[in-house]
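Enquirer: Just the structure for this:
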Amino acid sequence: MDRKTMRTLIIDYRNRGKTFREISEILRDNYGIIRDRQAIQGIYNRAIAKMAKNESVNNYAIVSDIVNLYVLGYNMVEITKLTKEIGEEATYYKVRNTLTKELEYIDEVRKRKIIQAVECIQCGYNLENIKKRLEYKGVYPTDKGLKDILIEAYSIIVTNEAINELAKAYKYLKDKDVIKEIIIKTGLNVTLEDIKSRV
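Expert: You can find the predicted model right below:
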């Protein structure tokens, strides 16, 4: 989970009356994030202070909701409806503007979701458990959203395995020309430096 989303969830749970200890347990049990009560309180206090300077708490939460739902595969109309169900209502205009302005944040959340999926796959989770791990405020990814995340996750896994095998071959053969030829022949988007770093 990215930092912005974690801060938003902490604020949201705190606004619902949860203690910092309860929030710590929720993050540990639902998201695999281990932070003690004091760390949660520090994150909350810093986030509230930052928001007081820059923007309202509600706007901060709405942006996080919009971006996370978008990464899960929902379109702008669906996001507009879902924001009403999970927190503060966002207009279609707000959703569109947020998705236009928050490209870096969208990329950060997408990368984090892909890493979560990689970790789930490597731990042997089934598809239903992967969906549960990727959920945001009780909303699961769409079929298309899940498919896109899994394609990226498996691409990372396959590329890493290929690099590991090429590193073994390089260590065994000690011939960079052969390795370069294998890279070209397989069409992998890796460099010799990637391979050397694993030897």
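Enquirer: drop to CA atoms for contacts and neighbour counts, all remaining ones
Expert: OK.
Enquirer: I34: what secondary structure?
Expert: coil (DSSP: H, G, I helix; E, B strand; the rest coil).
Enquirer: Is the residue nearest to it when sequence neighbours are not counted within a helix or a strand, and which one?
Expert: In this structure, I34 finds its nearest non-sequential neighbour in R28, 5.2 Å apart by CA to CA, 6 or more residues apart in numbering. Assessed by DSSP states H and E, R28 sits inside helix 20-31.
Enquirer: just A90 next, same as before
Expert: Going by DSSP H and E, A90 is not in any helix or strand.
Enquirer: residues touching it, list them.
Expert: The contact partners of A90, taken as CA atoms under 8 Å, 6 or more residues apart in numbering, are I62, T80, T83, K84.
Enquirer: just checking, what packs against the one helix or strand L166 maps to?
Expert: Assessed by DSSP H and E, L166 sits inside helix 143-173. In terms of contacts (3 or more CA pairs under 8 Å, 6 or more residues apart in numbering; DSSP states H and E), helix 143-173 is packed against helix 103-122, helix 176-186, helix 192-196.
Enquirer: Kindly reformat these as TSV and extend each row with mean pLDDT.
Expert: Below are the helices and strands packed on helix 143-173 laid out as TSV (pLDDT from 0 to 100):
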stretch	mean pLDDT
helix 103-122	94
helix 176-186	87
helix 192-196	82
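Enquirer: Distance-wise, check N59 relative to T80.
Expert: N59 is 14 Å from T80, where distance means CA to CA, to the nearest Å.
Enquirer: Between those two, which has more neighbouring residues?
Expert: The residue with more neighbours, out of N59 and T80, is T80; 21 against 14, by other CA atoms under 10 Å.
Enquirer: right, and the more buried one touches T91 too?
Expert: Yes. At 5.9 Å, T80 and T91 qualify as touching, with contact defined as CA atoms under 8 Å.
Enquirer: still on that earlier bit, so which of the helices and strands packed on helix 143-173 is nearest R21?
Expert: helix 103-122 (23.9 Å; CA to CA).
Enquirer: The closest one versus helix 143-173: what angle between them?
Expert: 70 degrees (axes from the mean of the first three to the mean of the last three CA atoms, to 10 degrees).
Enquirer: and the angle from helix 103-122 to helix 20-31?
Expert: Using the same axes, to 10 degrees: helix 103-122 against helix 20-31 is 70 degrees.
Enquirer: could you say what helices and strands helix 103-122 packs with?
Expert: helix 57-71, helix 127-134, helix 143-173.
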